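>>> sequence unknown, structure follows:
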């Protein structure tokens with residue numbers, strides 16, 4: 001599986017971060033509401049491998065994600081585009097993949113040189129910045145441009161970010177913003 005090089009900076013001010021990204025030469029790509037189903041591939045509570053069906057508003061993908069460790073280069077993923085969120089969900093159900101949860105978030109996407117940046121808003125936790133690039137070094141270099149040191153970065157996934165705030169995301173089967 002290909003390695004995903006990404007890190008997060010938690011508890012950011014989204015407006016200030018957007019200004020900083022743009023001031024460094026970044027380009028705003030889009031803002032969208034995202035939705036996903038998450039399906040366990042292991043039958044224990046310490047799941048490190050799962051399927052994610054995600055609709056970004058412009059494309060639908062099916063991804064196998066596997067956490068090797070919490071570092072910047074600790075996640076492996078294989079991803080394919082699929083034509084329909086609903087139809088793919090139905091196929092997965094017929095294959096006995098029951099979702100452990102449905103989740104929504106808002107994401108504002110940017111590109112800064114060769115890195116992809118996302119300001120993510122999730123229910124019940126403060127916004128965070130995600131930096132993804134083609135190497136660990138480029139993730140750190142991009143963070144540095146934005147004023148962050150390697151110590152400010154975490155490679156932890158969203159599940160562990162929620163745990164940081166005392167929330168077990170696995171216990172929430174329908175994670176949505178209140179309307």
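Received it, and whenever you're ready, just let me know what you need. Here the structure is a predicted model, which is why all the values come from computation and not from measurement. Numbers count the residues shown, from 1 in each chain.
>>> contact partners of stretch 150-159?
Residues outside stretch 150-159 that contact it (CB atoms under 8 Å, 6 or more residues apart in numbering) are 6-10, 67, 69-75, 122, 131, 139-140, 143, 160-161, 164, 169-170. Yep, even glycine has a C-beta here, placed from its N, CA and C like the rest.
>>> err, stretch 92-108, not the other one
For stretch 92-108, contacts defined as CB under 8 Å, 6+ apart pick out 14, 18, 28, 30-40, 50-51, 53, 56, 89, 118-123, 169-170, 172-177.
>>> Please compute how far whichever helix or strand residue 101 is part of lies from its chain's middle.
Per DSSP states H and E, residue 101 falls inside strand 99-112. Here the centre of strand 99-112 is set off from its chain's centre by 6 Å, with CA atoms, centre = their mean, to the nearest Å.
>>> What of stretch 80-97?
Distance of stretch 80-97 from the chain centroid (CA atoms, centre = their mean) equals 20 Å.
>>> tell me which residues in that stretch are buried?
For stretch 80-97, burial by neighbour count (16 or more other CB atoms under 10 Å) applies to 82, 85, 88, 89, 92, 97.
>>> Relative to residue 88, how far out is the residue of the chain positioned farthest from its centre?
Note on the chain: the largest C-alpha distance from the chain mean falls to residue 94, namely 26.4 Å (CA atoms, centre = their mean). According to CB to CB, to the nearest Å, residue 94 stands 11 Å off from residue 88.
>>> ditto for residue 7
From residue 7 to residue 88 the distance is 29 Å (CB to CB).
>>> Then residue 134?
From residue 134 over to residue 88 the distance is 28 Å, taken as CB to CB.
>>> what does residue 116 give?
Using CB to CB, residue 116 is found at 24 Å from residue 88.
>>> correct me, but residue 84 touches residue 60?
Yes. Look at residue 84 against residue 60 with CB atoms under 8 Å: they come within range, at 6.5 Å.
>>> tell me, what residue is most central in this structure?
By CA atoms, centre = their mean, the most central residue of the chain is residue 158, 6.6 Å off.
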